[in-house]
Every structure is written in structure tokens, then in C-alpha cells.
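*Asks:* Sequence first, then the predicted structure:
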Amino acid sequence: MKKIIALLLVAVMVLGMAACGTKAPAETTAASGNNPPAETTSSSGETTATTYPVIRFAYTKMFATPSEPKVEEAMNEILRETCGCEIDLVAIDFSNMQQQFNLLLTGGSDSIDIFSSFWYMPLSTLVANGQLADMTELIKDYPEVTDLFAEYPSVLECCKVDGKLYALPTFGAYSSPNLVLCKKTDSDSANIDWSTVHTLDDVTRVFLEMKEKNPDHYYIPGAVEPYYIPKDIDTLGDNNFLGVLTDPVNSTTVENYYESDYFLNFMENVRIWQANDLITPDPMSNTNPTLMSLQFGLCSATPGYGFDAEESCYEANIQGQYGDNLVGANISGRLVTTSNITTYLWHVTSFSKNKELAMKVLAAFYTDSRLCGLLGNGIEGENYIVREDGTLAFPEGKDMTNCGWTGIGASYSLPNVSGCPVWFYQPADLWDQLWESNKEAVFSKAMGFTFDATPVADQITACSNVYAQYYLPLINGEMDIDEGIATIQKAMKDAGIDLIIAEKQRQLDEFLANK
């Protein structure tokens, strides 16, 4: 699992149509109807090959996947026996994800049966569009799947709309604390003790200490995407922060983020970063994802979020991706929100002509580790090798870009990788760490709440435009901080953020009253 890429959500996960090796004819696909496995008999009375119904399954890829036919056949060897069907893998490229999914989720002859909505579209939108199958009854035949989440029942509640189940979450960690990562050479130059770093204010303190020792280095990767997304508040599913809970464990009061103490404290730190030249130059021209800015040497540190700073540094240092070892610290606690859960969801589509069989296949990916191992890692000897200690590595001369499969490994974006071997750069107990981290987490009072933006759609559009115009220049230090704060606050008011907050509060209160 190249989880260090997924850290801070800069994973360049890609999904695009690729040629499949053993495709079934269109008339046998699940989306166009299928029959149970059957042997056919020739005119001479000889029995020929069994014909299996086919389920079309979309998967993510980062690079070219010439091994797809072998992966598909290996999966089919399992699925013919366990599910009485075959799978047709459909690759989707991130660079063209929206267009491809829009085509595959319209009910045409090439519709898919199973997919993950990661990076594509929110659950509520997919349901409103009629693109998802109601899984409420379908899942009842697979208690072994729902039992995976028995310890945290609110996790499955986050996958429901109007009381109906439209998705399954992945089995793994449900919180991503804010953290900071830094090159060790810079840290050592200022004798930084990372055990004293617990908040964003602490981050600013140590960045200033390192800047004094390394005046030509930068510690904030300003760019055309946010370098810092708060993970200790509940955004209520809105990446533009149009009504949030800043104290989600104790309060259900929806606040104007741009007038909150939380935002103003963030801006005080940005003011210091701006005044002390901590932000990389010309940030609005930097199109690199956050970690790539660190990898390419544009900066020597970055705030962000991920599973855990120590584990992220462990992986990065073994792989040697950054030209230096990394050190760092978590700077927030573990908070579980609906948004965390709904980041990685798997669905049966409404266009599947055999939803029961599609559900059976999806359930198998939660209970048979061989399937997620193939989906994540590919074929042993071709896409990876098994080392003497049982961990995985790329074959000699290969890496994630040319191994012939997705390059993402058995990632926590897949249904359930807890039974898969880890890679050589990962802790041996990584899957246990991921699940056990949930015991440390606290849950937002708004768990399971999904906001219906329809009543304030015009205001959402207007406020989103304000965000797009001002937010990045402001946090990148491209505006006077005081003027920028006043400008974005007024523009949000004029665009109708108060109406959004009032509607969001009304819906949240109603949701909580009916729980």
C-alpha cells in the first residue's frame, strides 16, 4: 500500500478504461442481464465449457496495468468456485475519472456493477442521481460483512440515506489526525523536540526555529490546493466549510467557519508564516500535490493529515522518497466524522441487472483476503515478490510506476485488506494498528448526518465561488491577512452563508431528534 501517497489526500488514484483480457460478451454482463452458470452441449452430445454470469467491477489504477488479464483470471478462479460467476475488471483513470464514471453510470450496455466512489462524487449526490442500488435487503444475506462493523455501528449508519443502505465502508481506520512532517536535517539543525509539538501554534514555533537556522528553506508548501485541511472539526461533508461544528464532540451548534475562533487562530499562524517567509514562493503557480512539494525539495516540511505521523515517517524513511529522513508529530486527536467514513465507499450500482450476484461478489471482497490481495498487489512474481520475511517488494528493476499493476498496493481504500501481507516498508502489524486506532478516536455528535443542499443550492453555489476566489490566496499569504479575512467574511455573508448555516442547523436538529 503506497499509503504515504494517500497521506494528506494527495493520492493520484486513477481509473480509466483499459483492455481486459477475458471479457464476456456484452449480452452476458451483469449490467445487460446474465444467467446462472451452465454447461452447453454440442450437436454431437459433447459437453463444452461452462458459461458464467459476469460482474463488471471498476478498479483504480495509477499507471498502466498490462497485468490486468492475469489478475482478472486469478480472481475468476476464486469467484467461479465461491460465487458461481466471473469478474470483468474495468480500469478508470483519475485524470479522466469524472467523464468515465459519468458514462459508466448511465445505464448503457457498458454499465458497471460494482465501484468505489472515492474521489468521484458524494454519497448523497449519487443517491439523488439514482445511480446506486439500495443494499438494505441485499446485505442481509451476508452477516459476516456487517459483523465486521459491529463494534462501531454508527459507521454503517453513515452509509445510509433516508434509512436505506447505499454503500459499504472500508474496514480500517476511521480517523486521520492533523500532523506535520519535516526533513530530519532541518529538524536537527534547530534541535527540535517533536514530543513538544501538539498544536498548530507549536508547529509555527518550531518552523520559526528551523527558519532561523535555514533562512533559504521554506516550511509551508503553498499551492493551488490546500496544504492544511482541519481534521479536528466536523465539516458536515462540505469541503468549502459552509457551516461546520468546531467542537463536534461536545456541541451540535453549526458555526460560520470564517468567523470562528478556530479559523481566526489558523489565520494568525498564516500571518506569522507570511511575515517570516515560511511559505514557498509563487504558491498560486505550484500545481504539485502537497507531498510532492516536499519530495521535490520545494519545501522542507508540511502540515497536513494522515493515519499517523510516526507510521508515515516509518514508511517514508524505508523507501527513501524525500532525499532525507522525515520526522514529525500528530497535532490533533483522532476524530471520526461522517466525512471520514464516506471517503472510501463501495457500491452496487442501480444499473446492475443482477444486484444479488453483484452483492455476493462485493461481499467476497470483504471476507476473502485473496481477492483484495489481487486487487491491490497483483500477481506474485510479476507485479511483486515475497521476501524471506513474508513482506512484499517490487521485482528487481520495477517500482510502482512500471510494475504492471495499479501501484497502490493493498490500500485501506480497498474493501478489507486486513488479511493481506504488508510491504517491506510497512510495520508488520499495520492492519492491527489501523483498526486499533479506532479505540482511541472520539466520534462527532453528528455521526450519520448527511446534509441535503437542495433548499439552499443557489447559496451553496455562490459561497463556493467565494471560496474559490479568496480562500487559497488567503492561506497562501498572497493577500493582506486582515483585509483578506474581512473580504472573505463579507463576501460569504453577501453570498448567503447565513441561510446555509440555518438550513444545515435545521436539518441537523431534525436528524438528532429522530435518532
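*Replies:* That came through, no problem.
*Asks:* What is the end-to-end distance of stretch 127-135?
*Replies:* In stretch 127-135, first residue to last residue: 12 Å (C-alpha to C-alpha, to the nearest Å).
*Asks:* before we move on, what SS does Phe57 have?
*Replies:* Look at Phe57: counting by DSSP: H, G, I helix; E, B strand; the rest coil, its state is strand.
*Asks:* Repeat that for Glu396.
*Replies:* Strictly by three-state DSSP, Glu396 counts as coil.
*Asks:* What distance do you get for it to Cys403?
*Replies:* 11 Å (C-beta to C-beta, to the nearest Å). Backbone N, C-alpha and C define where each C-beta goes, glycine included.
*Asks:* With neighbour numbers in mind, choose between these two.
*Replies:* The neighbour count for Glu396 versus Cys403, taken as other C-beta atoms under 10 Å, is higher for Cys403 (24 against 6).
*Asks:* Read off the pLDDT value for that one.
*Replies:* pLDDT for Cys403: 94.
*Asks:* Just give the closest residue to it, not the sequence neighbours.
*Replies:* Asn383 (4.8 Å; C-beta to C-beta, 6 or more residues apart in numbering).
*Asks:* tell me the contacts of that neighbour?
*Replies:* Residues near Asn383 by C-beta atoms under 8 Å, 6 or more residues apart in numbering: 67, 377, 394-395, 398, 403-405.
*Asks:* which one of these is nearest Ala428?
*Replies:* For those, the residue nearest Ala428 by C-beta to C-beta is Asn377; the value is 16.3 Å.
*Asks:* got the contact list for the closest one?
*Replies:* 383-384, 392, 405, 409-410, 420.
*Asks:* Which strand or helix spans the closest residue to Asp232 other than its chain neighbours?
*Replies:* Of all residues not flanking Asp232 in the chain, Ser332 sits nearest, at 4.0 Å (C-beta to C-beta, 6+ apart). If you go by DSSP states H and E, Ser332 is not part of any helix or strand.
*Asks:* Give me the number of neighbouring residues for Ser332.
*Replies:* 18.
*Asks:* does Cys313 sit in a helix, a strand or a coil?
*Replies:* helix.
*Asks:* Just to check, it is in contact with Leu179?
*Replies:* No: checked against C-beta atoms under 8 Å, the pair Cys313 and Leu179 is beyond contact range at 9.5 Å.
*Asks:* Who has more neighbours out of those two?
*Replies:* Legend: neighbour count by other C-beta under 10 Å for Cys313 and Leu179, higher for Leu179 (26 against 22).
*Asks:* My reading is that the more buried one is in a strand; is that accurate?
*Replies:* Yes: checked against three-state DSSP, Leu179 lies within a strand.
*Asks:* so where do the strands sit in the stretch 351-500 of the chain?
*Replies:* 385-386, 392-393, 442-443 (DSSP state E, counting those that start in this stretch).
*Asks:* Contacts for the last one next, please.
*Replies:* If you take C-beta under 8 Å, 6+ apart as the criterion, strand 442-443 is touched by 154, 249, 333-336.
*Asks:* Write a ChimeraX command that selects only the buried members of those residues.
*Replies:* Buried members of the contacts of strand 442-443, identified by 16 or more other C-beta atoms under 10 Å, are gathered into one ChimeraX selection as follows:
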select :154,334,335,336
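*Asks:* Which members of the contacts of strand 442-443 are positioned in helices?
*Replies:* Judged by DSSP state H, the contacts of strand 442-443 include Ser154 as members of helices.
*Asks:* of all the contacts of strand 442-443, which two lie farthest apart?
*Replies:* Ser154 and Gly333 (17.7 Å).
*Asks:* circling back to that earlier point, any chance of a markdown table for the contacts of Asn383, columns distance to Glu259?
*Replies:* As requested, the contacts of Asn383 are exported to a markdown table (distance: C-beta to C-beta, whole Å):
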| residue | distance to Glu259 |
| --- | --- |
| Ser67 | 52 |
| Asn377 | 48 |
| Phe394 | 50 |
| Pro395 | 55 |
| Lys398 | 52 |
| Cys403 | 49 |
| Gly404 | 52 |
| Trp405 | 48 |
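*Asks:* Going by distance to Ala58, which of those wins?
*Replies:* Among those, and counting by C-beta to C-beta, the member closest to Ala58 is Trp405, at 15.4 Å.
*Asks:* so what's the closest one closest to, chain neighbours aside?
*Replies:* Trp405's closest residue in space is Gly378 (C-beta to C-beta, 6+ apart), at 3.3 Å.
*Asks:* check contacts around the one you found.
*Replies:* Contact analysis of Gly378 by C-beta under 8 Å, 6+ apart lists 67, 70-71, 384, 403-406.
*Asks:* of the residues you listed, closest to Leu208?
*Replies:* Thr406 (40.8 Å).
*Asks:* Phi, psi for that closest one please.
*Replies:* Main-chain dihedrals, Thr406, degrees, to the nearest 10: phi -70, psi -30.
*Asks:* That one and Phe63 touch, don't they?
*Replies:* Yes: between Thr406 and Phe63 there is a contact at 7.4 Å, judged by C-beta under 8 Å.
*Asks:* Of these two, which one has the most company?
*Replies:* When Thr406 and Phe63 are compared for neighbours, Thr406 comes out ahead with 28 against 18, by other C-beta under 10 Å.
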